[in-house]
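J.: any chance you could fold what I've pasted below:
(one chain, ligands or ions: 2)
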Amino acid sequence: MDTLRGRDLLSIADLSRAEAEYLLDLAAQMKIGKVAPRCPKVLGLLFHKASTRTRVSFTVAMYQLGGQVIDLNPQSTQVGRGEPLPDTARVLDRYLDAVAIRTYGQVELQLFADYARIPVINALTDREHPCQILADLLTLRESFGTLAGLTLCYIGDGNNVAHSLLLGCALLGVNIRVASPPQFAPLPDIVAQAQALSGGKSEVTVLTDPQAAAKGAHALYTDVWASMGQEAEAGDRQPIFRPYQINDQLLALADPRAIVLHCLPAHRGEEITAGVLEGPQSRVWEQAENRLHAQKALLASLLG
Ligand code: CP
Ligand code: NVA
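T.: Ligands and ions are numbered 1, 2, ... in the order given. Now for the predicted structure:
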């Protein structure tokens, strides 16, 4: 397989295991300059939420592939004035070669994809963040030389990042444990999908005890306690999530070689201490860099 031409990526589980492994290999080759295809195509970025890494890494990836990017800020397009998504999708479809969308509901993303013939990429919804997880798995594989036999432990909110980690790890046979407060556990249908993807060959565990989850893990991963769109809940969430901080005590329970991951932006002193984020086991800057390589591989594959 050398292309995913014309495909959508609405969920990390839209990839087969072979396709995900292919993307990680291609990203690694692109990182060392082995593959540099010319791709004079245009990607639209339709973002309803703020973004630094996703926006810039998609833009730079397109430039490095010889393509262009158009920023479709909802405030400066008719999207912000309520033009129906199916109409926007059918028009943009005729101008663009692909579109990356950051929005709230997966339903809106799916609706756009239903009406657009071009590839539609999930650049984060409330449900999933698949592009992030491609970079995370690349970082994990770089750190250990393989994904085989590894256990990734996610501590915190059962959010979009947790969902895509559950699915992405299960897809590639990485053991995944998610520890969240009971009322903030990942969605049951995502957990069931992850269990189905793992085929019983790797661990998919959801629990509430962060210490039990961290024990012996090869990677500790966390994300903010209140995601974009949940700002009003941030204060109420603080005391509930306090026991779910990644700090030196929790890291000491993990495998001695364990790496620390965070999709960023981070809130030091909340979901992670400054010491751990900036410490020797942190790989967060490599992880952020890998967004570029993973998305370049994805774009090159989707655009053919
Ligand atoms: N990790 C991530 O998606 O970052 P941005 O919100 O800055 O794009
Ligand atoms: N869960 C976070 C991820 C940010 C990259 C959010 O959705 O805001």
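J.: now the helix or strand of the chain with the lowest mean pLDDT, how far from the centre of its chain.
T.: Lowest by mean pLDDT, DSSP states H and E among the helices and strands of the chain is helix 17-31, with a mean of 92. The chain centre lies 15 Å from the centre of helix 17-31; the measure is Cα atoms, centre = their mean, to the nearest Å.
J.: what's the answer for stretch 128-139, then?
T.: In terms of Cα atoms, centre = their mean, the centre of stretch 128-139 is set 4 Å apart from its chain centre.
J.: show me what the mean pLDDT comes to for that stretch.
T.: When pLDDT is averaged over stretch 128-139, the result is 98.
J.: again, but for stretch 283-295
T.: Across stretch 283-295, pLDDT averages out at 98.
J.: now do it: everything it contacts.
T.: Contact with stretch 283-295 is made by 23-24, 27-28, 30-31, 53-54, 57-58, 60-61, 131-132, 134-136, 138-139, 142-143, 259-264, 266, 277, as judged by Cβ atoms under 8 Å, 6 or more residues apart in numbering. C-betas here are computed from N, CA, C, even on glycine.
J.: where do the helices sit along this protein?
T.: Assigned by DSSP state H, the chain shows helices spanning 17-31, 53-64, 85-92, 106-115, 130-144, 160-172, 188-198, 210-214, 234-241, 248-251, 274-277, 284-303.
J.: so which of those is the most surrounded?
T.: Mean neighbours per residue, mean count of other Cβ atoms under 10 Å, is largest over these for helix 160-172, with a mean of 28.
J.: report the angle between the axes of it and helix 17-31?
T.: In terms of direction (axes from the mean of the first three to the mean of the last three Cα atoms, to 10 degrees), helix 160-172 departs from helix 17-31 by 110 degrees.
J.: quick one on the thing from earlier: rebuild the helices of the chain as TSV, extending it with distance to Ile70.
T.: Converted to TSV, those look like this (distance: least, Cβ to Cβ, whole Å):
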stretch	distance to Ile70
helix 17-31	23
helix 53-64	10
helix 85-92	9
helix 106-115	16
helix 130-144	18
helix 160-172	25
helix 188-198	32
helix 210-214	42
helix 234-241	33
helix 248-251	42
helix 274-277	34
helix 284-303	14
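J.: relative to ligand 2, which of those is closest?
T.: helix 160-172 (5.0 Å; Cβ to the nearest ligand atom).
J.: is any residue of the closest one near ligand 1?
T.: No - using Cβ under 6 Å from any ligand atom, helix 160-172 stays clear of ligand 1, coming no nearer than 8.0 Å.
J.: which strands or helices does that helix pack on?
T.: Judged by 3 or more Cβ pairs under 8 Å, 6 or more residues apart in numbering; DSSP states H and E, helix 160-172 is in contact with helix 17-31, helix 130-144, strand 151-155, strand 175-179, helix 188-198, strand 204-207.
J.: redo the ones you listed as a markdown table? Include distance to ligand 1.
T.: Conversion of the helices and strands packed on helix 160-172 to a markdown table gives the following (distance: least, Cβ to the nearest ligand atom, whole Å):
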| stretch | distance to ligand 1 |
| --- | --- |
| helix 17-31 | 16 |
| helix 130-144 | 5 |
| strand 151-155 | 14 |
| strand 175-179 | 18 |
| helix 188-198 | 18 |
| strand 204-207 | 22 |
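J.: against Gly216, how distant is the spatially most central residue of the chain?
T.: Centroid-nearest residue in the chain, with Cα atoms, centre = their mean: Gln132, separated by 2.4 Å. Separation of Gln132 from Gly216 (Cβ to Cβ, to the nearest Å): 24 Å.
J.: over to Asn73?
T.: 45 Å.
J.: Glu21 too?
T.: Distance from Glu21 to Gly216, by Cβ to Cβ: 25 Å.
J.: pull the CA atoms of stretch 72-86 into PDB?
T.: The C-alpha trace of stretch 72-86 is given here as PDB (Å, rounded to 0.1, in the frame of the first residue of the first chain):
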ATOM      1  CA  LEU A  72     -11.200  29.100   6.500                       C
ATOM      2  CA  ASN A  73     -11.700  31.000   9.800                       C
ATOM      3  CA  PRO A  74     -15.500  30.700  10.500                       C
ATOM      4  CA  GLN A  75     -15.500  34.500  11.400                       C
ATOM      5  CA  SER A  76     -14.300  35.500   7.900                       C
ATOM      6  CA  THR A  77     -16.400  33.000   6.000                       C
ATOM      7  CA  GLN A  78     -20.100  32.500   5.700                       C
ATOM      8  CA  VAL A  79     -19.800  29.500   8.100                       C
ATOM      9  CA  GLY A  80     -19.800  31.900  11.000                       C
ATOM     10  CA  ARG A  81     -23.000  33.400   9.700                       C
ATOM     11  CA  GLY A  82     -24.800  30.100   9.700                       C
ATOM     12  CA  GLU A  83     -24.500  28.900   6.100                       C
ATOM     13  CA  PRO A  84     -25.500  25.200   6.300                       C
ATOM     14  CA  LEU A  85     -22.600  22.800   6.500                       C
ATOM     15  CA  PRO A  86     -23.800  20.600   3.500                       C
END
